[in-house]
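# Mind folding the following:
(2 chains)
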Protein chains: 2
Amino acid sequence: MDVATRIEDALADTVLLAEASGAPPRLAAALRHAVFPRGARVRPRLALAVAACHGDDQPSLSSAAAAAVELLHCASLVHDDMPCFDDAATRRGRPSVHRAFGEPLALLAGDALIVLAFQALARAAAAAPGRLPAVMLAIGDGVGVPFGIVAGQAWECEPRADLGEYHRQKTGALFAAAAMAGAAAAGAEPDPWRALGEHLGEAYQVADDLRDAVEDEAALGKPAGRDRALGRPSAVETYGLDGAVARLRDLAEAATASIPCAQGQVVLGGLIQAEMRRLLPARLAQRAA
Amino acid sequence: MDVATRIEDALADTVLLAEASGAPPRLAAALRHAVFPRGARVRPRLALAVAACHGDDQPSLSSAAAAAVELLHCASLVHDDMPCFDDAATRRGRPSVHRAFGEPLALLAGDALIVLAFQALARAAAAAPGRLPAVMLAIGDGVGVPFGIVAGQAWECEPRADLGEYHRQKTGALFAAAAMAGAAAAGAEPDPWRALGEHLGEAYQVADDLRDAVEDEAALGKPAGRDRALGRPSAVETYGLDGAVARLRDLAEAATASIPCAQGQVVLGGLIQAEMRRLLPARLAQRAA
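A predicted model of the protein is given here:
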């Protein structure tokens, strides 16, 4: 089974849990809307690529770890889109969850997705429960306090925030969690993979800031120009457009260099270069060339 | 150490994680506001009482399970109080989290508390990882889809809801999770404890409905008369005042009868009777006598 199918199957299996007879059907529909159709699935692909580097001898657990990371990413999108944060009407080219189902169900769908991530891990862990604590810690610390994505998002509510810390927590933390959980699911030490995740996360955040600044809503599938409109810290504000493009390239190189195994450097390094080409908006790529 | 101290210590340990240097301080303050000062801590007491019935030979794990259940309860209160649900200005006699810290931090604090529950379990599981999946499943299923408290809350967003199903999921599920997680943390089968939790949960929900109907905001520490004002299903609406009092007593008896061990029937049965006396508003107790 190819990686993309494996990820979609794992996600479909977990979301199916919400559709049991006797469960509230609109909540199940909101969960499905939040998770499908697929986004880029970058984080679960990273988790599975790292697990593969270590032999991936417990594929049920690594699939669950990949699904858990993506469910938590989807949860953060649902909650970030709500009126009290970004107030985004669209996501992936469709209405955001609160626009499609109302604010109460968006709030609950995000909560349910967070719990579902851990339910998926628990269900998959029977064959290798000894690995479960490390997988959970990698993922929990990537999402929660003190330095996970929830903490990163909370910097938007502080009077002062350091841009590096904000990005590291808001985006880098879940990438680090994906890489580390993939390692832990395969029985390997998670810590050597942290740097890859953090560099990659910051790279995606810089790319996101660049696209927010120069692309329109049709290209993004969500509202454009939000950082500037909402006065949020962004790499474009800090470094300027050309500086942010240079930063993106530096981060991609640092990510590749940090991969703690030679085979991984070749396979993952190639993926990273392809992703960076995909993410850099066309007119910026021309300008930088 | 007495049970109350053990619960407060376990909760304090977990909340402390949010206060690491480099973490957003207002989020940490919002978490602390949501968890302290203590409420009745009924669910963690139930978890530890059940663990004690089975010897409680992994007290770190049972303490973490008790703390996790309470953190998830607190998370549900923070999110339920938000403007898109109950729009409650007060809780436990103080401003609700969104009134004290704003809606964005209330949303994030609830999310962080959910994750923190699972981080606490992962941190405590090193000594007995084989028990972690069952503890997590009991707790995850009590909170998430298809039949946990998030699903229960979601019935408020459906055009039709069955009152029994609504209460069983909205309140009973987390009581069942508490009892079952206590058993699993002590290495026992969780399922025989489900009925106790469900009866007890429905009893607390009926008691809550009664107090919402007949007490004032000063006595409740939160707004009164909300079920009627918001047109929510409630036991008082369904059974009338006297009928709801009778239902409360039946449920307490059924809860005691369902306890799957003789020693537990004596100890837990006594606790249940004392709780029911504490919860029944004075003027209803006189009327029923």
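# Which positions in stretch A:6-14 come out as buried?
For stretch A:6-14, the neighbour count (16 or more other CB atoms under 10 Å in any protein chain shown) marks A:6-8, A:10-11, A:14 as buried. Glycine gets a C-beta too; all of them are placed from N, C-alpha and C.
# That stretch and chain B in contact?
No. Stretch A:6-14 does not reach chain B (CB under 8 Å from any CB of the partner chain); its nearest approach is 9.4 Å.
# Please tell me the pLDDT value assigned to the residue nearest to A:F147 when sequence neighbours are not counted.
Nearest non-adjacent residue to A:F147, counting by CB to CB, 6 or more residues apart in numbering or on different chains: A:Q169, 5.2 Å away. Per-residue confidence at A:Q169 stands at 89 (pLDDT).
# I'd assumed A:G144 was in contact with A:Q169.
No. Using CB atoms under 8 Å, A:Q169 is not in contact with A:G144; the gap is 10.6 Å.
# Identify the contacts common to these two.
Both A:Q169 and A:G144 are contacted by A:A151, under the criterion CB atoms under 8 Å, 6 or more residues apart in numbering or on different chains.
# what comes into contact with whichever helix or strand A:R287 is part of?
Using DSSP states H and E, A:R287 falls within helix A:282-288. With CB under 8 Å, 6+ apart as the test, helix A:282-288 has contacts from A:210, A:214, A:241-242, A:245-246, A:249, A:277, A:280.
# 10 Å - rerun?
For helix A:282-288, contacts defined as CB atoms under 10 Å, 6 or more residues apart in numbering or on different chains pick out A:207, A:210-211, A:213-215, A:219, A:241-242, A:244-246, A:248-249, A:276-277, A:279-281.
# Please flag which of those sit within strands.
In strands, judged by DSSP state E, none of those are found.
# Can I get the buried part of those as one ChimeraX selection?
Applying 16+ other CB under 10 Å to these, the buried members can be selected in ChimeraX as follows:
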select /A:207,210,211,213,214,215,241,244,245,248,276,279,280,281
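# Now do the strands in chain A.
According to DSSP E, the strands that chain A contains are A:90-91, A:94-95.
# and B:A184, which of those strands is closest to it?
strand A:90-91 (37.5 Å; CB to CB).
# can you give me the mean pLDDT across the closest one?
92.
# cool, and stretch A:56-69?
Averaging pLDDT along stretch A:56-69 gives 98.
# Please apply the same query to stretch A:219-236.
On average, stretch A:219-236 scores 80.
# farthest pair in the buried residues of stretch A:6-14?
The largest separation in the buried residues of stretch A:6-14, counting by CB to CB, is between A:R6 and A:T14 at 13.1 Å.
# Per-residue pLDDT of the residue of the stretch 151-289 of chain A found nearest chain B, please?
Nearest to chain B, among the residues of the stretch 151-289 of chain A, is A:A154, at 3.8 Å (CB to the nearest CB). What the model reports for A:A154 is a pLDDT of 95.
# ok, now A:A288?
Value for A:A288, per-residue pLDDT: 63.
# give the contact list for the residue of the stretch 151-289 of chain A closest to chain B.
By CB under 10 Å, 6+ apart, A:A154 lies in contact with A:145, A:148, A:161, A:166, A:169-170, B:18, B:23-28, B:30, B:101, B:104-105, B:107-109, B:111-112.
# for A:A4, same thing?
A:38, A:41, A:44-45, A:48.
# Intersect those with the contacts of chain B.
With the criterion set as CB under 10 Å from any CB of the partner chain, no member of the contacts of A:A4 is near chain B.
# ok, those vs A:A257, which is closest?
A:R45 (19.9 Å).
# how close does that closest one get to B:E217?
Using CB to CB, to the nearest Å, one obtains 52 Å as the distance from A:R45 to B:E217.
# circling back: would you point out the most distant pair within the contacts of A:A4?
A:R38 and A:L48 (14.4 Å).
# Looking at these two, which one has more neighbours?
A:L48 (26 against 13; other CB atoms under 10 Å in any protein chain shown).
# pretty sure that one contacts A:I7?
Yes. Using CB atoms under 10 Å, A:L48 is in contact with A:I7, at 7.1 Å.
# between the two, what contacts are shared?
A:41, A:63, A:66.
# list the contacts for the closest residue to A:L251 other than its chain neighbours?
With CB to CB, 6+ apart as the criterion, A:L251 has its nearest non-adjacent residue at 3.9 Å, and that residue is A:A203. When contacts are counted by CB under 10 Å, 6+ apart, A:A203 touches A:167, A:171-172, A:175, A:247-255, A:272, A:275-276, A:279.
# Help me see whether stretch A:79-88 makes contact with chain B, please.
Yes. Stretch A:79-88 is in contact with chain B by CB under 10 Å from any CB, via A:79-80, A:82-85.
# need the helices for the stretch 51-200 of chain A, in chain order.
A:59-80, A:97-101, A:103-124, A:132-143, A:149-154, A:163-167, A:173-185, A:194-214 (DSSP state H, counting those that start in this stretch).
# With only the CA atoms kept, save stretch A:5-15 in PDB.
Only the C-alpha atoms of stretch A:5-15 are listed here, as PDB (Å, rounded to 0.1, in the frame of the first residue of the first chain):
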ATOM      1  CA  THR A   5      -3.500   5.400   0.800                       C
ATOM      2  CA  ARG A   6      -2.200   4.200   4.100                       C
ATOM      3  CA  ILE A   7      -2.700   7.700   5.600                       C
ATOM      4  CA  GLU A   8      -6.200   8.200   4.200                       C
ATOM      5  CA  ASP A   9      -7.200   4.700   5.300                       C
ATOM      6  CA  ALA A  10      -6.000   5.300   8.900                       C
ATOM      7  CA  LEU A  11      -7.800   8.600   9.000                       C
ATOM      8  CA  ALA A  12     -11.000   7.100   7.600                       C
ATOM      9  CA  ASP A  13     -10.900   4.400  10.200                       C
ATOM     10  CA  THR A  14     -10.700   6.800  13.100                       C
ATOM     11  CA  VAL A  15     -13.300   9.200  11.800                       C
END
